[in-house]
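>>> got a predicted structure plus its sequence, pasted below:
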Amino acid sequence: MTTPHSPAASTRSPQLKAVSLRQQAREALRTRIVLGQIEPGRVESVINIASELGVSVTPVREAVMDLANLGMVEIIRNRGFRVPVLTDHDLEEIFCLRTMLEVPAMVQLAGLAERAPVTRFRQFAEQITDAAREGDLVSFLDLDRQFHIGLLELLGNRRLVDMVGQLRDQARMEGLQKLADQGELTQSCEEHIAIVDAVAAGNAELTEELVRKHLTHSRGIWAGRTEDGGPAEDGRTEDGT
């Protein structure tokens, strides 16, 4: 029998810590990528990222491999990795697929006999709005992900959750701070509350309308554009011109 201080027992702790660091590194990189804090197309050094995060190279290298499998980064042999450049067409494909998956899924959720678990997401919705109002974009991104993914998880379809999660990861937010400063982000976030209320009330028709509208707005938000299709920071309009 192994005692708590035996060599066999002590070797297990570093392994658990290493896994935790890998997960933390992956989430830190995921957030940087989605928020556009890592410039697309530029080769990034794993060593430099590890130094910035205050960890060794190994968990960062493992995190990069995880993200490469999700399509979020491309590994550059012996150099590091880079975030693929996301075109307007790429973003259109992502949100087209999200609409095809999430709208009927949320309608299905509204049709369930047991909708009590949905009500707890109203707090998430309010917290998302608070984070947007305060300009806390890291919290906003985390809460927004928990909200959308968490609701889908109530359907018990793991593949659906994985697919939507991957689509979210492949998109990126450009000029998000500017939209937050203009109040555009807060306006969109308030739609979460209406969605929760519609689902909790079992109103499938209203749920479909609200989710479809929200994803349309999100399409602009994630592209760094105003809700009315106004120009982005780079001067492009909603059609990418």
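Good, I have the coordinates.
>>> helix/strand/coil for L210?
Three-state assignment for L210 (DSSP: H, G, I helix; E, B strand; the rest coil): helix.
>>> who are the contact partners of it?
The contact partners of L210, by C-beta atoms under 8 Å, 6 or more residues apart in numbering, come to E191, A194, I195, A198. Just so you know, the C-beta spots here come from the backbone N, C-alpha and C atoms, and that holds for glycine as well.
>>> run a quick neighbour tally on the first one.
Okay, so that is E191. Using other C-beta atoms under 10 Å, E191 has 19 neighbouring residues.
>>> that one: what's it in contact with?
By C-beta under 8 Å, 6+ apart, the contact set of E191 is L210, K213, H214, H217.
>>> pretty sure E52 sits in a strand.
No. E52: not assigned to a strand; according to three-state DSSP it is helix.
>>> burial of it, as a residue count?
Using other C-beta under 10 Å, the number of residues around E52 comes to 11.
>>> how about the one 10 residues further on?
Applying other C-beta under 10 Å, we find 18 residues neighbouring E62.
>>> ok, T58 next?
As a burial measure, T58 scores 14 neighbours (other C-beta under 10 Å).
>>> and if you look at the one 3 residues further on?
The local packing of R61 (other C-beta under 10 Å) involves 18 other residues.
>>> where does this structure have its least confident helix or strand?
None of the helices or strands of the chain scores lower by mean pLDDT, DSSP states H and E than helix 7-10, at a mean of 42.
>>> can you give me the strands for this structure?
74-76, 80-82 (DSSP state E).
>>> which elements pack onto the last one?
When contacts are defined as 3 or more C-beta pairs under 8 Å, 6 or more residues apart in numbering; DSSP states H and E, strand 80-82 packs onto helix 46-53, helix 57-69, strand 74-76.
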